[in-house]
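Asks: Got a predicted model here, sequence first, then my questions.
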Amino acid sequence: MRILMLSWEYPPKNIGGLSTHVYNLSHALSALDHEVHVITCEEGIAPIEEVDNGVFVHRVTPYKIQTDDFTKWVMQLNFAIIEEAVRLIRKLGNVDMIHAHDWLSAYSAKALKWSYNIPMVCTMHATETGRNNGIRTEMQRYISNVEWTLTYEAWKVIACSNYMKQQIVGTFSTPEEKVWIIPNGVNPRLFSFDFDWLSFRRQYAMDDEKIVFFVGRHVFEKGVQLLIEAAPKIVAGYNKTKFVIAGKGPMTEELKARVRSMGLESKVLFVGYMDDESRNKLYRVSNAAVFPSLYEPFGIVALEAMAAGCPVVVSDTGGLSELIKHRENGMKMINGLTDSLKDNVLQLLYDDGLANYIKENGAKTVNENYTWDRVAKLTLKMYDQIREEAAGTEWDTSVDLFKSKEAFVSEDKKEETNEPVVLENNNKVENEIIQPVEEKADTIEEKEAVIISPSADKFIEEKVVKEAPKAIEEAEEVVEEAPKAAEEAEEVVEEAPKAAEKVEKIVEETSKPEKSVQVQLEKTQNSISSQETKKENVSEEIAIDKPVEENTKIEVEAVTKNRRARKTTAASKQTTARSSRTKSKK
């Protein structure tokens, strides 16, 4: 299988654990006879291209566009990765799997996936939400959105622990069945070597001092500040203690200032960046390795310490919590609590029996469950499942990416021309020329027929002979199917009269309701006409009665006037009589 790894860091570029992971996984896959190509960012004087113990490494230079925006720089790196990948695929042909690591390679992974129809998987080593205990800035929101895009585009997503799987599912709404848990690993053989143990140890501590070792980035999430804060309490409990702090980061100077303020310069030694060999030796000579991370998806450094035979104290959080069983293969401190850190370290410094017991179990845990060989086999199992799911689809990489054709323009020919293209036929007859096809040729057969060459007849004859067996088989199939088709036709003819009778019955039944409706309609129309006639008669009677009503009104008015006149006359007479009587009295 040909695998394309995309990672922004690869040794000698080491920013975090991602570089170590990609290096070891690539070599483990190569050891299982798979072809692995890693495209990564340039670093110092490291060669642009090299074969690193069977792994093909291609280092690229990000676009030289000045910017202080890290996300823009990442985009420029991805443009360079895409360019190198395109050149590589043109040269090699098919690539079976693209494996992207973290959001920093998301853009190139997505572009290459859709450009060449190559299945893509991704390993999410951490999330922006987890690193910052939430999203607080626009840049963090942007990075989280890119992480979502990568998990969405990936065929499968790899998480290094169940803790990390739940975070991916919860943060990005990724289907659980899409996420595979494949842990990190170590190579135990790298920690089994001879060296001058005492001389090396004396570079860091006195013979009677016990070494407490920390290695990692000096960032808040790694919890190194907790170890510095616990140092005075540990020294108070066990005076012969020496702290060796390896690594660098944005908190380094702040940590050094804190040590000076507590007066512990003689007890705390900052050694800066440490190469793998020196780190592995320090694991071997240390009495305890402390990893008090506040957020840790897995914790490969804890595995390294266990493989080297160094007892570990880890935070009870994330992947570390799944890796360590308290007082069995390591010690667990309460996350974020310096007193708990102090108590666990002091137990190891005072109790040699407990320390040795934890050493043995830690090494056993690594050898049984966390070797890179086992990690590589689990990864290949996932690759194989994806290839089975892709079989027969446009994502099937077993089909040649650049399909060969009977007639093709050579790779050096960039543009189409009207010049004849020289090809060799199956018998390798030289100088056979295919003339450019006329525009009127619509089908492939017509285009193939437009051949002008000294051996055109032979070419056509070979093609006919080649195609003849297939044509005969197709003809035989048609002949075999003919009787069956005839029987079906006869059945159709037999059924035709019955179908005609059914149609006639349907027509008759349909006509009956129509006659009934017509009769009912005629009755309704007659009823309406009768009502209209009655209405006209009533109107005439009303018209005749109108003059009678008017005469009656006139007569009533006349009678009323006569009555009023009589009343007026009577009243007048009474008034005259009263007046006469009044005068006679006087």
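Replies: Thanks, I have it.
Asks: what about the strands in the stretch 1-150 of the chain?
Replies: Counting by DSSP state E, counting those that start in this stretch, the stretch 1-150 of the chain has strands at residues 2-6, 35-41, 49-52, 55-60, 97-101, 120-123.
Asks: I'd like to know which elements the third one is packed against.
Replies: Meaning strand 49-52. Judged by 3 or more Cβ pairs under 8 Å, 6 or more residues apart in numbering; DSSP states H and E, strand 49-52 is in contact with strand 55-60. Glycine gets a C-beta too; all of them are placed from N, C-alpha and C.
Asks: cool, and the last one?
Replies: Other helices and strands packing on strand 120-123, by 3+ Cβ pairs under 8 Å, 6+ apart, are strand 97-101, helix 106-116, helix 138-153, strand 156-159, helix 372-390.
Asks: okay if I get those as a markdown table plus mean pLDDT?
Replies: Compiled in a markdown table, the helices and strands packed on strand 120-123 are given as follows (pLDDT from 0 to 100):
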| stretch | mean pLDDT |
| --- | --- |
| strand 97-101 | 98 |
| helix 106-116 | 97 |
| helix 138-153 | 97 |
| strand 156-159 | 97 |
| helix 372-390 | 96 |
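Asks: Nearest approach to residue 240 belongs to which of these?
Replies: Among these, helix 372-390 comes nearest to residue 240, with 36.9 Å by Cβ to Cβ.
Asks: and that closest one, what does it pack onto?
Replies: helix 17-31, strand 97-101, strand 120-123, strand 156-159.
Asks: quick revisit: same list (the strands of the stretch 1-150 of the chain) but as TSV, adding distance to residue 232 and mean neighbour count.
Replies: Listed next are the strands of the stretch 1-150 of the chain as TSV, based on distance: least, Cβ to Cβ, whole Å; neighbours: other Cβ atoms under 10 Å:
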stretch	distance to residue 232	mean neighbour count
strand 2-6	45	24
strand 35-41	41	22
strand 49-52	45	12
strand 55-60	45	20
strand 97-101	40	26
strand 120-123	40	24
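Asks: Now do the contacts for the residue lying closest to residue 197 once chain neighbours are set aside.
Replies: Nearest in space to residue 197, with sequence neighbours left out and distances taken as Cβ to Cβ, 6 or more residues apart in numbering, is residue 285 at 6.2 Å. Residue 285 makes contact with 197, 200-201, 204, 211, according to Cβ atoms under 8 Å, 6 or more residues apart in numbering.
Asks: if we can go back for a sec, right, and the strands of the stretch 1-150 of the chain - which one's nearest residue 291?
Replies: strand 120-123 (20.8 Å).
Asks: hmm, who's touching the closest one?
Replies: 21, 97-102, 106, 109-110, 112-113, 150-151, 153-158, 160, 182, 382-383, 386.
Asks: Note down every partner strand of that strand and its orientation.
Replies: According to DSSP bridges, strand 120-123 forms sheet pairs with strand 97-101 (parallel), strand 156-159 (parallel).
Asks: and those as JSON lines, adding distance to residue 321?
Replies: As requested, these are exported to JSON lines (distance: least, Cβ to Cβ, whole Å):
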{"stretch": "strand 97-101", "distance to residue 321": "24"}
{"stretch": "strand 156-159", "distance to residue 321": "15"}
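Asks: count of neighbours near residue 43?
Replies: 14 (other Cβ atoms under 10 Å).
Asks: Surely it touches residue 59?
Replies: Yes - here residue 43 reaches residue 59: they are 7.0 Å apart, a contact under Cβ atoms under 8 Å.
Asks: Next, count neighbours for residue 350.
Replies: 12.
Asks: ok, back up a step: ChimeraX command for the buried members of the contacts of residue 285?
Replies: In ChimeraX, this line selects whichever of the contacts of residue 285 come out buried by 16 or more other Cβ atoms under 10 Å:
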select :201,204,211
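Asks: Next step: the contacts of residue 285 restricted to helices.
Replies: Among the contacts of residue 285, DSSP state H puts 197, 200-201 in helices.
Asks: want to throw those residues into a markdown table with pLDDT and distance to residue 326?
Replies: Shown next, in a markdown table, are the ones in helices among the contacts of residue 285 (pLDDT from 0 to 100; distance: Cβ to Cβ, whole Å):
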| residue | pLDDT | distance to residue 326 |
| --- | --- | --- |
| 197 | 91 | 29 |
| 200 | 95 | 31 |
| 201 | 95 | 28 |
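Asks: between the residues you listed, which is closest to residue 373?
Replies: For the ones in helices among the contacts of residue 285, the nearest to residue 373 is residue 197 (28.0 Å; Cβ to Cβ).
Asks: do you know how far that closest one is from residue 356?
Replies: 16 Å (Cβ to Cβ, to the nearest Å).
Asks: Can you pull out the residues in contact with the helix or strand harbouring residue 235?
Replies: For residue 235, the host element (DSSP states H and E) is helix 224-237. Outside helix 224-237, the residues that touch it by Cβ under 8 Å, 6+ apart are 212, 214, 216, 218, 241, 243, 245, 247, 251, 255, 258-259, 262, 264, 267-268, 290, 292, 336, 338-339, 341-342, 345-346, 349.
Asks: can you rerun that using 7 Å?
Replies: Residues external to helix 224-237 that are found in contact with it (Cβ atoms under 7 Å, 6 or more residues apart in numbering): 214, 216, 218, 241, 243, 245, 251, 255, 258-259, 262, 264, 267-268, 290, 292, 336, 338, 341-342, 345-346.
Asks: Tell me which of the strands of the stretch 1-150 of the chain sits nearest to residue 300.
Replies: The nearest among the strands of the stretch 1-150 of the chain, by Cβ to Cβ, is strand 120-123 at 12.6 Å.
Asks: tell me the average confidence for that closest one?
Replies: What strand 120-123 shows for mean pLDDT is 98.
Asks: returning to what we had before: may I see the strands of the stretch 1-150 of the chain arranged in a markdown table, with distance to residue 131 as well?
Replies: A markdown table is the format used below for the strands of the stretch 1-150 of the chain (distance: least, Cβ to Cβ, whole Å):
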| stretch | distance to residue 131 |
| --- | --- |
| strand 2-6 | 21 |
| strand 35-41 | 20 |
| strand 49-52 | 29 |
| strand 55-60 | 26 |
| strand 97-101 | 15 |
| strand 120-123 | 16 |
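Asks: Just the buried ones from the contacts of strand 120-123?
Replies: 21, 97-102, 106, 109-110, 112-113, 150-151, 153-158, 160, 182, 382-383, 386.
Asks: picking that back up, could you turn the buried ones of the contacts of helix 224-237 into a PyMOL selection?
Replies: Filtering the contacts of helix 224-237 down to the buried ones (16+ other Cβ under 10 Å) takes a single PyMOL command:
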select buried, resi 214+216+218+241+243+245+251+255+258+259+267+268+290+292+338+341+342+345+346
